[in-house]
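Asker: Sharing a model that was predicted from the sequence below.
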Amino acid sequence: MKLSLGTIILTTTIFSFIPVHAAINAGLNAAAFEVEAGRDAKALAGSESLKAPLAGDDASVDRLLADIRNYMTGLSDKGLYEENLTRRLAAINSIWSLGEIGNPRVMDKLAGFYSESDEVIRMNILISIGKLKTQKAVPFLRQTAASENETMVVRSVAFELLEALGDNFRLEQVAPSRVSGMENADIIFTGSFMGTPIGQTMTTPGGHVGLFVKTAVRDGRIVSEIVDCMPNVVKPGGVRKVSWSLFTSKFKFPFYGNRTTKEKPSAEQRTAILEAAFAKLGHRYNNLHDTQKGPLEFDCVGLTEYAYESAGLNPTPDELETGWGWPLTPAKQFLHTVPNQPAAVPYLTAVTPGSKNAEASLDLGLFGVTGLAEVSTEITPASAD
């Protein structure tokens, strides 16, 4: 199995969390999940390259850029959104890695990829640009935040990054976006640093998920609201309402996209989903994961599953939540949902729910790779080029 550098550097990305106490159940579940996801666990377990450090030399940067370029090379090569999911996720990881490295010379490259990208890729590019040590970052983020041709969610990310960089950018009048994007009650996915993967096969990965609530205009800025559930040791912990920064642990992890059930929720169901989640605000995180879906304590994936089920929808098959399937993980929920990308967004590729490669294409161990060098991800004011 050939792994790109972007795949290797996935590290603590989409889904690196599984509770240690669940080793027996997780191990038994691994075989079934391996078949379901179509992955070669043995090849992953024997791959020394998974332990490679996060390198910042020119050759490594060039390979990361190549991962992104390979995905962005024309619609005929890229295919439908889910038809090339492995390459897409590798591109997201490579974008994230370039931000961690912080080499200012990639600014123009990332800006060039930006114009060809959909909402999710744009969000990741913005986050990485915000981490680059270049004076070009702030003007680019300001332009994005003010643009009516960006989705409201993308603009909200730009505003958050500007604030993190110490730039108090405000608009006298915030014009609404001309294009649609993420919808309220979409399930959103990022990585996690909590917990330890079970074994070397990485077939039962964890991660972090939440529910996108809405965007709002406040004091000349666009802000996003998200509901998620984090361990009680985190402040704030439990079921909480947060921003993109807190959802991604201060932009430490990539954003892997917004998804929903194959039966797309109606407007009424989306309202019911969020009402169910709001009713649990302040409830504690369940460290044992034996009551993932409440009613008193939750974990992140249990909260999203509970909220959807409250509206009559079922993101993940019930057999994956109990018995041999327990515990339910964000990776399982990711595999059994579909991306929600409104056709109204002109730069987004159409989605074919249930496409033949929507699940089987996850064949390169994209979830749960660990063991890479720790990198500072605090966003600080940009320095001179």
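Answerer: Ah, there it is. Predicted model, so just to flag it, every value in this text is computed and none were measured.

Asker: Regarding this protein, what is its longest helix?
Answerer: Using DSSP state H to define each element, the chain has its longest helix at helix 85-101.

Asker: and after that helix, which helix or strand comes next?
Answerer: Downstream of helix 85-101, the first helix or strand assigned by DSSP states H and E is helix 107-114.

Asker: so after the helix or strand bottoming out on mean pLDDT in the chain, what's the next helix or strand?
Answerer: Ranked by mean pLDDT, DSSP states H and E, the weakest helix or strand in the chain is helix 41-45, scoring a mean of 26. Later in the chain than helix 41-45, the nearest helix or strand by DSSP H and E is helix 58-72.

Asker: in that following helix, what counts as buried?
Answerer: 60-61, 63-65, 67-68, 70-72 (16 or more other CB atoms under 10 Å). Using the backbone N, CA and C atoms, a C-beta is placed for each residue, glycine as well.

Asker: Ok, stretch 108-120 next?
Answerer: Applying 16+ other CB under 10 Å to stretch 108-120 flags 109-110, 113-114, 116-120 as buried.

Asker: pLDDT below threshold where in this protein?
Answerer: For the chain, applying pLDDT under 70 flags the ranges 1-56, 74-83, 193-206, 324, 342-385.

Asker: coming back round to it: quick check: angle from the longest helix of the chain to helix 107-114?
Answerer: Orientation check (axes from the mean of the first three to the mean of the last three CA atoms, to 10 degrees): helix 85-101 against helix 107-114 gives 150 degrees.

Asker: Pull helix 85-101 out as PDB, backbone CA atoms only.
Answerer: Extracted C-alpha coordinates of helix 85-101, given in PDB (Å, rounded to 0.1, in the frame of the first residue of the first chain):
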ATOM      1  CA  LEU A  85     -12.500  10.500  -1.100                       C
ATOM      2  CA  THR A  86      -9.000   9.100  -0.200                       C
ATOM      3  CA  ARG A  87      -7.300  11.700  -2.300                       C
ATOM      4  CA  ARG A  88      -9.600  14.400  -0.900                       C
ATOM      5  CA  LEU A  89      -8.700  13.500   2.700                       C
ATOM      6  CA  ALA A  90      -5.000  13.300   1.900                       C
ATOM      7  CA  ALA A  91      -5.300  16.800   0.400                       C
ATOM      8  CA  ILE A  92      -7.000  18.100   3.600                       C
ATOM      9  CA  ASN A  93      -4.200  16.500   5.700                       C
ATOM     10  CA  SER A  94      -1.500  18.000   3.500                       C
ATOM     11  CA  ILE A  95      -3.100  21.500   3.800                       C
ATOM     12  CA  TRP A  96      -3.200  21.100   7.600                       C
ATOM     13  CA  SER A  97       0.400  19.900   7.600                       C
ATOM     14  CA  LEU A  98       1.600  23.000   5.600                       C
ATOM     15  CA  GLY A  99       0.000  25.200   8.200                       C
ATOM     16  CA  GLU A 100       1.700  23.400  11.000                       C
ATOM     17  CA  ILE A 101       5.100  23.700   9.300                       C
END
